[in-house]
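J.: What would the 3D arrangement of this be:
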Amino acid sequence: MQMTTALLIVNPCDDEEDNMAMLCCHSDKGEMFLMSRYPDEDELEITLDGEPSTLDGVKVTLTSNLLKIEIAAADADALNGDDVLEISFNPDMVDMDEVVETLKNILDGTGTFVINLE
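T.: So this is what the prediction gives:
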């Protein structure tokens, strides 16, 4: 599955939401993606168009203009039947340091985070 968005909305630690870390975006076709995790939870939550799924073992790869999310094939219903979601974004509209910090907070201890910003 692929999405295109101008902006990744991130918050590494929302103190108004019990320190939840979250990454969100809206595609150019109106789709919404949200990935979040509370610091005391063992799993993260992915919501695609309003349908939340709780997952662990998620792999996320971040490049300068692409966020690739890979989940287990058994969890493909979380991504409308796909086990990979690629989100293309405009790097000029993103604070990459904040995206990295947010993804580290979401994936720490429950997933794999690969950074390739070259």
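J.: Every contact and neighbour count from this point should use C-alpha atoms.
T.: Will do.
J.: which of the residues in stretch 52-63 are buried?
T.: Judged by neighbour count using 16 or more other C-alpha atoms under 10 Å, the buried positions of stretch 52-63 are 53, 55-56, 58-63.
J.: Tabulate the residues you listed in CSV, adding columns for pLDDT.
T.: CSV is the format used below for these (pLDDT from 0 to 100):
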residue, pLDDT
53, 95
55, 94
56, 88
58, 96
59, 97
60, 98
61, 98
62, 98
63, 97
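J.: Name the nearest residue to the residue nearest the centre of the chain, ignoring sequence neighbours.
T.: Nearest to the mean C-alpha position of the chain, by C-alpha atoms, centre = their mean, lies residue 35 at 4.4 Å. Nearest non-adjacent residue to residue 35, counting by C-alpha to C-alpha, 6 or more residues apart in numbering: residue 46, 4.5 Å away.
J.: Compute the number of surrounding residues for that neighbour.
T.: 22 (other C-alpha atoms under 10 Å).
J.: Give me the distance between it and residue 37.
T.: As judged by C-alpha to C-alpha, to the nearest Å, residue 46 and residue 37 stand 9 Å apart.
J.: And for residue 113?
T.: 14 Å.
J.: quick one, which of the two is more surrounded?
T.: A count of neighbours by other C-alpha under 10 Å puts residue 37 above the other of residue 113 and residue 37, at 26 against 17.
J.: hang on, that one packs against residue 21?
T.: Yes: using C-alpha atoms under 8 Å, residue 37 is in contact with residue 21, at 5.5 Å.
J.: lowest-confidence helix or strand of the protein?
T.: Ranked by mean pLDDT, DSSP states H and E, the weakest helix or strand in the chain is strand 51-55, scoring a mean of 91.
J.: mind checking how far that one is from the chain centre?
T.: The chain centre lies 12 Å from the centre of strand 51-55; the measure is C-alpha atoms, centre = their mean, to the nearest Å.
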